[in-house]
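S.K.: Would you be able to build a 3D model of this:
(one chain, ligands or ions: 2)
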Amino acid sequence: MNLLSIRDLRVSFPGTGLRARRTDVLTGVSLDIRRGETLGLVGESGSGKTTIGRAVLGLVPVASGTITFDGQRIDGASRSRRRQLARELQVVFQDPYTSLNPAMPVGATLAEPLIAQGVAGAQAQRTIAELLDRVRLPRTSVDRLPREFSGGQRQRIAIARALALSPRLVVCDEPVSALDLTTQEAVLELLTEIQDDTGVAYLFISHDLTVVRHLSHRVAVIHRGEIVEQGDTAEVTERPQHPYTRKLLLAAPVVDPVRQRERRLAFAREFGREEAR
Ligand SMILES: Nc1ncnc2c1ncn2[C@@H]1O[C@H](COP(=O)(O)OP(=O)(O)OP(=O)(O)O)[C@@H](O)[C@H]1O
Ligand SMILES: [Mg+2]
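M.R.: Ligands and ions are numbered 1, 2, ... in the order given. Presented below is the predicted three-dimensional model:
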């Protein structure tokens, strides 16, 4: 059984102004995430990636379709059910500086989800120390404020907070997009290691297919609110079926210029064939 199943999800937002029409942002999205796996969700800016993540978290109204988590419908879940779900369903956003309370020391930030679920005192302190170990930050971090950390360290704090309640699914919305390449790699490695240890599943959202392919078991490609391709990472990235996926692959930068040139040539050949048909 899938951990998360999305079927025919539609989301629309009201237009601005009196006569404005609603815009359909998601037009029938279906996705599956298995236990302990990473599904990479890629697409260009404005394609609807974040909206999918927010729908899963109950942060945008669902017009139609279903979202099932661990066999139970969660679209339209009540407030109290959402509070329960927070144990199992967490999120890491792109910008840890806006997602962390700048005035709150790290210890208090990490204690918050624990206290909300009734974990306090010595047990909370123990859990916080373990979380800091897990994301490789010194235990003394508890007394410091977010601004005293680098971007990569702040993202580790956000990851630690997301992990506090041992969730089964974490929505990672562009979690490394604001970081430099070396820091990106370290954070991605950390996420992979945590998954190996805990069996947590990730919905990993990124505009960058090269980032996604490294840690995803499967990849879904979204284009204008529609999933145009979905499959095993190797399949999607090595034998993309949809022209849009090929475009994304070409758009993704490669560090090695020789490989980049090879890929461009391969791409041109592929498209040449396509056009000759
Ligand atoms: N609350 C909202 N009200 C109105 N329109 C919205 C709202 N949230 C998102 N949209 C619109 O929905 C579309 C998809 O937005 P979304 O944030 O899901 O894209 P994205 O794929 O995450 O893009 P990016 O890569 O830039 O983060 C965009 O056209 C956006 O303007
Ligand atoms: Mg987004």
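
S.K.: Show me the helices in the stretch 1-150 of the chain, by range?
M.R.: Secondary structure of the stretch 1-150 of the chain (DSSP state H, counting those that start in this stretch): helices located at 49-56, 79-85, 96-99, 106-116, 121-134.

S.K.: Distance of T23 relative to ligand 1?
M.R.: Using C-beta to the nearest ligand atom, to the nearest Å, T23 is found at 6 Å from ligand 1. To be clear about C-beta, it is placed using only N, CA and C from the backbone, and glycine gets the same treatment.

S.K.: Residues of the chain that sit close to ligand 1?
M.R.: F13, V25, G43, S45, G46, S47, G48, K49, T50, T51, H207 (C-beta under 6 Å from any ligand atom).

S.K.: tell me the contacts of G151?
M.R.: P96, Y97, A178, L179, T183 (C-beta atoms under 8 Å, 6 or more residues apart in numbering).

S.K.: which of the helices of the stretch 1-150 of the chain is buried the deepest?
M.R.: Between the helices of the stretch 1-150 of the chain, helix 49-56 has the highest mean count of neighbours, a mean of 22, where neighbours are mean count of other C-beta atoms under 10 Å.

S.K.: contact partners of it?
M.R.: With C-beta under 8 Å, 6+ apart, helix 49-56 has contacts from 4, 6, 9, 11, 25-26, 29, 31, 41-43, 60, 62, 67, 69, 74-75, 89, 91, 169, 171, 173, 203, 205-207, 222, 225.

S.K.: So, low pLDDT: which residues of the chain?
M.R.: Applying pLDDT under 70 to the chain flags the ranges 252-260, 263-264, 266-267, 269-277.

S.K.: all strands for the stretch 51-200 of the chain, in order.
M.R.: 64-69, 72-73, 89-92, 169-173 (DSSP state E, counting those that start in this stretch).

S.K.: Need the contact partners of the third one.
M.R.: By C-beta under 8 Å, 6+ apart, the residues outside strand 89-92 that reach it are 53, 56-57, 69, 74, 99, 155, 158-159, 162-163, 165, 167-173, 175.

S.K.: What strands flank that strand, and is each parallel or antiparallel?
M.R.: strand 169-173 (parallel) (DSSP bridges).

S.K.: and the angle for the partner strand with strand 64-69?
M.R.: 120 degrees (axes from the mean of the first three to the mean of the last three C-alpha atoms, to 10 degrees).

S.K.: ok, residues contacting strand 169-173?
M.R.: Contact with strand 169-173 is made by 3-4, 33, 49-50, 53, 56-57, 69, 88-94, 162-163, 191, 200-205, as judged by C-beta under 8 Å, 6+ apart.

S.K.: Can you name the residues that contact the residue in the stretch 151-277 of the chain positioned nearest to ligand 1?
M.R.: Here the residue of the stretch 151-277 of the chain nearest ligand 1 is H207; by C-beta to the nearest ligand atom that distance is 4.8 Å. H207 makes contact with V42, G43, E44, S45, K49, E174, S177, according to C-beta under 8 Å, 6+ apart.

S.K.: how about the residue lying closest to the third one once chain neighbours are set aside, phi and psi?
M.R.: Spelled out, that is E44. Sequence neighbours aside, H207 is the residue nearest to E44 in space, at 6.1 Å (criterion: C-beta to C-beta, 6 or more residues apart in numbering). Here is the backbone geometry of H207 (degrees, to the nearest 10): phi -90, psi -10.

S.K.: what's the spacing between H207 and A251?
M.R.: Taking C-beta to C-beta, to the nearest Å as the measure, H207 falls 9 Å from A251.

S.K.: Could you do S80 as well?
M.R.: Per C-beta to C-beta, S80 is found 44 Å from A251.

S.K.: Report how many residues lie close to R144.
M.R.: Neighbour count for R144, taken as other C-beta atoms under 10 Å: 16.
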